[in-house]
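Novice: fold the following, please.
(one chain, ligands or ions: 1)
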Amino acid sequence: MTTIDTIVHDLEARFDDVALGHVRTWKQAGPNRLAIGCLPVFAPREVLWAANALPVFVRGAGDRIETIRGDAYYQSYICHLPRSMLELGLLGHLDALDGMIFPNTCDVIRNLSGVWQSTFPQHVVRFIDPPQTAEPASAAAYLRHELTTLFRDLCARSGVAPTAARLHAAIADLAAAHAGARDLANARREQPWNLPIDEVYLLRRAADSMPPPAWTELARAYIAAASARGRKPEDRIRVCLVGAFCEQPPRALLRAAERAGCYIVDDDLTVGVEPNGPDPTVGDDGDPMAAIVDAWLHATRPSAVRYDQHGQAGRELVERVKVNRADGVLFAAPSFCDPALLDQPRLTRVLDQHAVPYTAFKYSENTGQFQAIREQAGTFADSVKLWGTA
Ligand code: SF4
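Specialist: Numbering: from 1, shown residues only. Okay, here's the model as predicted:
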């Protein structure tokens, strides 16, 4: 096998490891190791990593298991993610985790945190409600208190000292991983024919549960091997994919959209492991927890699950279209996802003002039929190519 084949083969095996065998292996390879699950979209990864806890983003089960018991917990008119999360837990697939963090992403995840607490009492369960804005100043004090308590509690459990030095080292590791993620995004923007979306997606999903330094190394190896393929660009349009930040679309859907005539050059998949703005900056003598809090409060990328104080989400999307030289936008939202679906009108209003073409479809993580979406994406691509509009 070539280098790239080997990397992709390993990434596929890791992706299919829904029972988190690789997390178990990591925990057994050293003393005092914990693994903490995180729901989309916010996770204090620096704090977890500093406490000797591997941050493990759990983004549902996709189409890799059949959801039966999870369906019994929820009514039919909400998204699929909490059902497959419960199915994973009830099947014992999340037993490698010592706890779960539930951010205040939406009503569904807030509710799931309560269900989790009563269903899996062996887990440390934390509900984190990050401030939506940096004002008033008490927001920083509140978030600092939450993260400091979490840090101390996890350190007590793992048996390491809750020191500033550990936070400094974790910030450095995550900053290096973010630099790798930026390089990956740049490489895909420049040569999407060599870095297809389903491979890039696998690599980014690996970041969900890999130690950051190991992922940084893997990302560099993938970029080098994929860039060396020497494929020729095809006659496709370039698009930004928006709205898939929580429940993930099946990989096959991403592949179908690309094969229908699009290069997905930017997206909001795997939010939480991607840099959401500048990394925490702290000098050797600085206060690392203050830097982590500050980076969150001043994260620059607006999203559907964060109060958009200055109404910049639409403008920011137009800017992303320009930076990525995209021809249009694909809105891809999970069915019944209020945050993604309620966000669309304010975004499309600004796209209309700037004459940016777009189309929208919905999916579920276990969608098995892609023909309609493939036809829609194909028609969109043809329309943009022929007339410059949808
Ligand atoms: S998919 Fe949407 S509604 Fe469902 S848990 Fe995620 S953010 Fe909430």
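Novice: need phi/psi at residue 264.
Specialist: Note on residue 264: backbone dihedrals following degrees, to the nearest 10 are phi -80, psi 100.
Novice: double-check it against residue 192; I have them as touching.
Specialist: Yes: using C-beta atoms under 8 Å, residue 264 makes contact with residue 192 at a distance of 7.4 Å. For the C-beta atoms, the positions are set from N, CA and C on the backbone; glycine is no exception.
Novice: tell me which of these two has more neighbours.
Specialist: Using other C-beta atoms under 10 Å as the criterion, residue 264 and residue 192 rank with residue 264 on top: 26 against 22.
Novice: residues in contact with that one?
Specialist: Shown in contact with residue 264 (C-beta atoms under 8 Å, 6 or more residues apart in numbering): 192, 197, 239-241, 254, 257-258, 330.
Novice: can you show me the strands along the stretch 101-250 of the chain?
Specialist: Remark: strands assigned in the stretch 101-250 of the chain by DSSP state E, counting those that start in this stretch are 124-128, 237-242.
Novice: can I get those in TSV with mean neighbour count and mean pLDDT?
Specialist: Listed next are the strands of the stretch 101-250 of the chain as TSV, based on neighbours: other C-beta atoms under 10 Å; pLDDT from 0 to 100:
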stretch	mean neighbour count	mean pLDDT
strand 124-128	18	94
strand 237-242	23	97
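Novice: dump the ones you listed to CSV, plus distance to the ligand.
Specialist: Output for the strands of the stretch 101-250 of the chain, formatted as CSV (distance: least, C-beta to the nearest ligand atom, whole Å):
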stretch, distance to the ligand
strand 124-128, 14
strand 237-242, 13
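Novice: quick one: those as CSV, columns for distance to residue 145 too.
Specialist: Shown next, in CSV, are the strands of the stretch 101-250 of the chain (distance: least, C-beta to C-beta, whole Å):
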stretch, distance to residue 145
strand 124-128, 11
strand 237-242, 34
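Novice: out of those strands, nearest to residue 361?
Specialist: Closest approach to residue 361 among these (C-beta to C-beta): strand 237-242, 10.7 Å.
Novice: pull the residues that contact that closest one.
Specialist: Against strand 237-242 from outside (C-beta under 8 Å, 6+ apart): 192, 254, 257, 261-269, 317, 320-321, 324-332, 347, 380-381, 384-385.
Novice: what's the first helix or strand after that strand?
Specialist: Per DSSP states H and E, strand 237-242 leads on to helix 251-259 as the next helix or strand towards the C-terminus.
Novice: what pLDDT does residue 73 get?
Specialist: With respect to pLDDT, residue 73 has a value of 91.
Novice: distance check, the spatially closest residue to it that is not a sequence neighbour against residue 364.
Specialist: Excluding the flanking residues, the one nearest residue 73 by C-beta to C-beta, 6 or more residues apart in numbering is residue 86, at 5.5 Å. The gap separating residue 86 from residue 364 is 16 Å, by C-beta to C-beta, to the nearest Å.
Novice: neighbour count winner among these two?
Specialist: residue 86 (24 against 21).
Novice: did I read that right, the more buried one in a helix?
Specialist: Yes: counting by DSSP: H, G, I helix; E, B strand; the rest coil, residue 86 is located in a helix.
Novice: distance of it from residue 283?
Specialist: Counting by C-beta to C-beta, the gap from residue 86 to residue 283 is 44 Å.
Novice: over to residue 254?
Specialist: With C-beta to C-beta as the criterion, residue 254 and residue 283 are 41 Å apart.
Novice: quick one: which of those two has more around it?
Specialist: Of the pair residue 254 and residue 283, residue 254 is the one with more neighbours under other C-beta under 10 Å, namely 24 against 9.
Novice: mind checking how far the more buried one is from the ligand?
Specialist: 17 Å (C-beta to the nearest ligand atom, to the nearest Å).
Novice: likewise residue 208?
Specialist: With C-beta to the nearest ligand atom as the criterion, residue 208 and the ligand are 15 Å apart.
Novice: skipping adjacent residues, who's closest to that residue in space?
Specialist: Nearest non-adjacent residue to residue 208 (C-beta to C-beta, 6+ apart): residue 57, at 3.8 Å.
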